[in-house]
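Visitor: Dropping the sequence and predicted coords here.
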Amino acid sequence: MTDEPTMTTSSPLKVTIFNEYLHELENETVASIYPGGIHLALKRALEERLDVEVTTATLRQDDHGLPQAVVDGTDVMLWWGHKAHGEVDDAVAERVKSAVLDGMGLIVLHSGHLSRPFLKLMGTHGSLKWREADEKERLWNLQPAHPLMRGVGDYLELAQEEMYGERFDVPEPDELVMISWFQGGEVFRSLMTWRRGNGRVVYFRPGHETYPTYHDKTVRQIIANAVSYARPQLRRDDSSCPDSAALEAVPNPGKKHVLDAS
Ligand code: ZN
């Protein structure tokens, strides 16, 4: 008998929003768009749409607001960081990665493409091209029936955003859900999903700090959809490699060289 998996159908869903929270404190434009921080705008977007209990965490808090107990109690984590990825303690990044492998959902936003937890889970550089030129972004809906696209039309437009261009150095996704076109001519895979261990990872591109992107109704809907989609299906540490007893008679259950080695 295998152990019964620990089902996590918690209600309300426990969401932790990590935000670096530096631009908002250092730049007047960003502060005026996101009073209280990007994490507060995201928190409201979720609370308006889902049955959630939201915790916020920021870089300068002890353990970046992500001690083991907080991570253990999180069903889905959101991650926004940009200028201080290198200040994120490696042990905390490992803690987040490990929680995803056990079953926690992780939604990585915008410049989180270079965040430590995301790079650990992807195993690639996470590199891309970028340009800040106040240009239009149009995001195309490739999978209208996908749960991430609930309430989303054929496309959505953001009047001004930072450009991200291919090639985005990530592994081939399990699902490619949106592609962006930018006024300057580039395209970018803007909404993608991966399974890692028992967990789900979602990357969603828009959200440069000097634009009001996280006040956009459709962007907020997609982030809420992502939280719902990435909720744990089960939460279990599958890191061990047990020596497994046979279910049926096998010719030589106690192989001598195996016993000698142990
Ligand atoms: Zn940016």
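Guide: Thanks, I have it.

Visitor: And the strands in the stretch 51-200 of the chain?
Guide: 52-58, 76-80, 105-109, 129-141, 155-165, 175-182, 187-196, 199-204 (DSSP state E, counting those that start in this stretch).

Visitor: Tell me the pLDDT of the residue of the chain found nearest the ion.
Guide: As assessed by C-beta to the ion, the ion sits closest to His208 within the chain, at 3.6 Å. (Each C-beta comes from the backbone N, C-alpha and C, glycine too.) His208 is assigned 98 on the pLDDT scale.

Visitor: Same check on His23?
Guide: 98.

Visitor: what separates it from Gly165, distance-wise?
Guide: For His23, the distance to Gly165 equals 22 Å [C-beta to C-beta, to the nearest Å].

Visitor: now do Leu46
Guide: Leu46 sits 29 Å away from Gly165, going by C-beta to C-beta.

Visitor: Show me which of these two is the more surrounded one.
Guide: Taking other C-beta atoms under 10 Å, Leu46 and Gly165 do not tie; Leu46 has more neighbours (23 against 16).

Visitor: May I have the phi/psi pair for the more buried one?
Guide: For Leu46, the backbone dihedrals (degrees, to the nearest 10) come out as phi -70, psi -40.

Visitor: If you tally nearby residues, what's the number for the nearest residue to it once chain neighbours are set aside?
Guide: Excluding its sequence neighbours, the residue lying closest to Leu46 (C-beta to C-beta, 6 or more residues apart in numbering) is Val52, at 5.0 Å. Other residues within reach of Val52, judged by other C-beta under 10 Å, total 20.

Visitor: List the contacts of Val52.
Guide: Val52 sits next to Pro12, Leu13, Lys14, Val15, Leu46, Val227 when contact means C-beta atoms under 8 Å, 6 or more residues apart in numbering.

Visitor: Please verify my assumption that the fourth one contacts Gly73.
Guide: The reference is to Val15. No - assessed by C-beta atoms under 8 Å, Val15 is found out of contact with Gly73, at 10.5 Å.

Visitor: who's more crowded, these two?
Guide: Val15 (26 against 13).

Visitor: rewinding a little: show me which of the contacts of Val52 is closest to Val177.
Guide: Val227 (14.7 Å; C-beta to C-beta).

Visitor: quick one: contacts for that closest one?
Guide: Leu13, Val15, Leu46, Leu50, Val52, Val76, Leu78, Gly105, Ile107.

Visitor: do the same with Met149
Guide: Per C-beta under 8 Å, 6+ apart, neighbours of Met149: Asn141, Gln143, Val177, Met178, Ile222, Asn225.

Visitor: How many residues are close by the residue nearest to Asp90 when sequence neighbours are not counted?
Guide: In space, and not counting its chain neighbours, Asp90 is closest to Arg116: 6.8 Å by C-beta to C-beta, 6+ apart. Other residues lying near Arg116 total 21 when counted by other C-beta under 10 Å.

Visitor: So Arg116 sits against Arg95, correct?
Guide: No - here Arg116 does not reach Arg95: they are 10.6 Å apart, not a contact under C-beta under 8 Å.

Visitor: how far away is the residue nearest to Leu46 from Tyr21?
Guide: Counting by C-beta to C-beta, the gap from Val52 to Tyr21 is 20 Å.

Visitor: got it, and Gly254?
Guide: 58 Å.

Visitor: same question, Asn141
Guide: Distance from Asn141 to Tyr21, by C-beta to C-beta: 31 Å.

Visitor: just Arg60 next, same as before
Guide: Counting by C-beta to C-beta - Arg60 and Tyr21 are separated by 7 Å.

Visitor: With Val70 instead?
Guide: Val70 is 16 Å from Tyr21, by C-beta to C-beta.

Visitor: Turn the strands of the stretch 51-200 of the chain into JSON lines, including distance to the ion and mean pLDDT.
Guide: Formatted as JSON lines, these follow (distance: least, C-beta to the ion, whole Å; pLDDT from 0 to 100):
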{"stretch": "strand 52-58", "distance to the ion": "18", "mean pLDDT": "98"}
{"stretch": "strand 76-80", "distance to the ion": "10", "mean pLDDT": "99"}
{"stretch": "strand 105-109", "distance to the ion": "10", "mean pLDDT": "99"}
{"stretch": "strand 129-141", "distance to the ion": "7", "mean pLDDT": "98"}
{"stretch": "strand 155-165", "distance to the ion": "4", "mean pLDDT": "98"}
{"stretch": "strand 175-182", "distance to the ion": "13", "mean pLDDT": "98"}
{"stretch": "strand 187-196", "distance to the ion": "13", "mean pLDDT": "98"}
{"stretch": "strand 199-204", "distance to the ion": "13", "mean pLDDT": "99"}
